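> mind folding the following:
(chains A, B and C)
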Amino acid sequence: MKNFLADLNNDQRQAVEALQGPVMVIAGAGSGKTRVLTYRVAHLLHQGADAFSILALTFTNKAAREMRERIFKLVGKEAGNVWMGTFHSVFARVLRVEGPRLGYPSNFTIYDTDDSRRLIKSLVSELHLDPKLYAPAVVHGRISSAKSNLVSAAEYNENPEFTGPDKQFNRPELGRLYTMYQMRLFKSQAMDFDDLLFNMNVLLRDFPEVLHKYQQRFQYIMVDEYQDTNFAQYLIIKKLAAKNENICVVGDDAQSIYAFRGANIQNILNFKKDYPDYRLFKLEQNYRSTQVIVEAANSIIAQNKDQIQKKVWTSNEEGSKISVLKGANENEEGLLVARHLFEQKMQYQLPNNYFAILYRTNAQSRAMEEALRKLNIPYRIFGGLSFYRRKEIKDLVAYFRLCINNYDEDALRRIINYPTRGIGDTTLEKAIVRAGELNQPLWDILSNPVSAGLELRSNVMNQISNFTTMIKSFTVQVNRLNAYDLARQITMSSGILRDLKEDQTPEGVSRVENIDELLNAVRDFTESDTTPTGVETEEGKARTLDVFLQDIVLLTDADEKEDENQPGDKVSLMTIHAAKGLEFQNVYIVGLEENLFPSFLSLNSRSELEEERRLFYVALTRAEKKAVLSFAEMRYKYGTPSWNEPSRFISEIDEKYLDVPRKKQIPQTSLKSLHGFDSPEIRKTLGGNTPELPVGLQRREKQTLKKIPLPGAHPPPSSQSATGPTANPDEIQPGMVVEHERFGIGEVTQVDGTGANKKATVKFESVGSKQLLLKFAKLRIV
DNA sequence: GGAGGCCTCGGAAGG
DNA sequence: CGAGGCCTCC
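Here you go, the predicted structure:
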């Protein structure tokens, strides 16, 4: 057996070997975080742990897949039995089993964000509310935020803390919308993404036998990117881990960039409060980047107040300094970047895929694309519309959904008249009203229109009957045919393909190709032994369409393979958010201007500004060898020109890491001339700068959303543990009286192990007996 | 039901 | 400026 622990440095190995008890690993950028997680799982398996008792949670399918592959390389096929996946996929899997306790069938449908918004839009219209005030995205955001904080619709409506701001913003019906939204989801036998976490919490809260069962099953729990967890996720982990407390969370507070979508950095800062006898490991050696990049990144992040102290360092080469490019406008910036990239590529003979261009907002990609095209440099943009969110795919998938779950109202409404079959808005409207009056699902009304008292012309009645009969004929096949055969049958008989083929434009042809691509994916699934998200299908379990469908809603564009029509060696273009977790030899961070990066929306609060700074930290630490920063003196924003100073983040980097003395490259004179140019007169003639009022309104909305308090919320973080004079581990002997910074005075009753593994059993006056690893316990001999 | 004109609005994005 | 939603008109 290969001693794979030898592949690890000292800190990594300790984190891997600390299998029992609560463990927090603070992993600096590029410090081998994934390595620790994967080796930990491998080590657990080598130590005899049952693969089925290990739960490893990630935020993206990609991270889960990569981890699984790496564990497979270390331990072989046993890796397939580890519960490994995203929060959503793992708990969806549990809810397929336990959902009936909450009244959901095990084949419940999962609504994605688009489905949820469509439902809200329809509710707003049914209630005759102002669609501008109750924009689906706003309403959904508020509901989502409540659910992420485990606030139910009933609690929401009772609590003025939520309803107050709604009234204030002229949206008094928001609570009612939340209630109705949940009712409609339930009637559709559907959960949205937030429900997967919310309902998992309900299960663990209300069903002690379920709690017990999964506490028993998941003996070892690991969580990646812990700094990104929200309250609902935090509480699930805490409950599941409560019995064994074999919980290991890995993260980096310096890379927390998702507070805006509910991530709560307090979860990482307060781990020590939840698990007072936790062990903390810091991975501080960076293996990715040059000294210049590591040190420059350190000098940036040092400006933040909220952080866990650590010193990231590297033994890599010093490397070349960070270049700064200045363009007169965004197009010139693009050209300078493209030229610089081209020169690097030629000088060092590098492939295109060694380069990435990172930006703050998607809109910045255009200038970069144009410049790259001019120089014939191939590129790939990440972060477009995901395959499964395209209209033609959602339409066909809606057929699949409706066949599997006849009560899926969103799917029903989406396809009842697509392709056109004479069941128009008026008819649908009547049926919906009737469904409301009888409090019955829309599907039941349409299945029995006569007994429901629907009065329609006979040919419309016929069309409805044809439609429901067709769907039912598919439904009975779900368990008889394999996924591919049924999917093909639906595609052919529904008329979708015929409809799409009528459109001979390039877009139309591409839509037909996409349908083919979806069918290929179904065939792959039918013939393979894993689901689309990579979970192994159970032995002997049929590859039916419902199993396929359960999975694909959890996929995103990040899970898609490269365009097969245009494979090859390309420069990567993406937002910094999308670049998290990736690395490139050469990284360009563009658009480094005040009001863009940091975003003007972040400038009013320290915490938001600090998140922008962490974002810049993430961007810089993606680079292995060379980082280049660029900015434009002027760029068009919404069609009007705007002038901004170079970003503060450039000047926050210690000058010695920049390859041009900053005084020359971004000289004060330049700033002055910028100011001179940006005179009120000029702004006036050019039609002003950015709009002000809508921005202000937006900001306030966001802040009230964030005000939703967390039930059982954490107190604010405390400072790091003090480092007083501590005893050498060798001195500790049984019988000694020692003092621990947190547990107080106690007597050493036993000492085991040697070296780094040496631990003492101490009987404390206040908290009783504790086992402490002496390397970390910081005991003072009294 | 679809084409075309008009209006509005603009952050980052996992599942 | 440009994308997307909505309305109108055929």
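> anything in the strand with the most length in chain A near DNA strand C?
Looking across chain A with DSSP state E, the single longest strand is strand A:623-637. Yes: using CB under 7 Å from any atom of the strand, strand A:623-637 reaches DNA strand C at A:Tyr636. Where you see a C-beta, it was placed from the backbone N, CA and C, and this is true even at glycine.
> any idea which helix or strand comes after that strand?
Using DSSP states H and E, the next helix or strand after strand A:623-637 towards the C-terminus is strand A:640-643.
> sheet-wise, list the partners of that next one with their directions.
Strand A:640-643 pairs in its sheet with strand A:623-637 (antiparallel), by DSSP bridges.
> so for the strand it pairs with, mean pLDDT?
Strand A:623-637 shows a mean pLDDT of 96.
> before we move on, what about stretch A:464-473?
Stretch A:464-473 shows a mean pLDDT of 95 in the predicted model.
> ok, and for it, which residues are buried?
A:Ile464, A:Phe467, A:Thr468, A:Met470, A:Ile471 (16 or more other CB atoms under 10 Å).
> and stretch A:491-500, by the same measure?
Neighbour-count burial for stretch A:491-500, counted by 16+ other CB under 10 Å, picks out A:Thr491, A:Ser494, A:Ile496, A:Leu497, A:Asp499, A:Leu500.
> can you flag which of these belong to strands?
Per DSSP E, the subset of the buried residues of stretch A:491-500 in strands is empty.
> what's the neighbour count on whatever residue of chain A ends up closest to DNA strand C?
Closest to DNA strand C within chain A is A:Gly639: 2.4 Å, counting by CB to the nearest atom of the strand. As a burial measure, A:Gly639 scores 6 neighbours (other CB atoms under 10 Å).
> likewise for A:Glu318?
Using other CB under 10 Å, A:Glu318 is surrounded by 11 other residues.
> and it, that's in a helix?
No: under the criterion used here (DSSP: H, G, I helix; E, B strand; the rest coil), A:Glu318 is coil, not part of a helix.
> contacting residues for it?
Counting by CB atoms under 8 Å, 6 or more residues apart in numbering, A:Glu318 touches A:Thr290, A:Gln291, A:Val292.
> put the buried members of the residues you listed into a ChimeraX selection.
Buried residues among the contacts of A:Glu318 (16+ other CB under 10 Å), as a ChimeraX selection:
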select /A:290,291,292
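> and the contacts of A:Glu318, which of them are in helices?
Mapping these onto helices (DSSP state H) picks out A:Gln291, A:Val292.
> can you list the contacts of A:Glu318 in a markdown table and add distance to DNA strand C and pLDDT?
Listed next are the contacts of A:Glu318 as a markdown table, based on distance: CB to the nearest atom of the strand, whole Å; pLDDT from 0 to 100:
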| residue | distance to DNA strand C | pLDDT |
| --- | --- | --- |
| A:Thr290 | 38 | 98 |
| A:Gln291 | 42 | 98 |
| A:Val292 | 38 | 97 |
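> need the contacts of A:Glu318 in a markdown table with distance to DNA strand B, can you?
Formatted as a markdown table, those follow (distance: CB to the nearest atom of the strand, whole Å):
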| residue | distance to DNA strand B |
| --- | --- |
| A:Thr290 | 26 |
| A:Gln291 | 30 |
| A:Val292 | 27 |
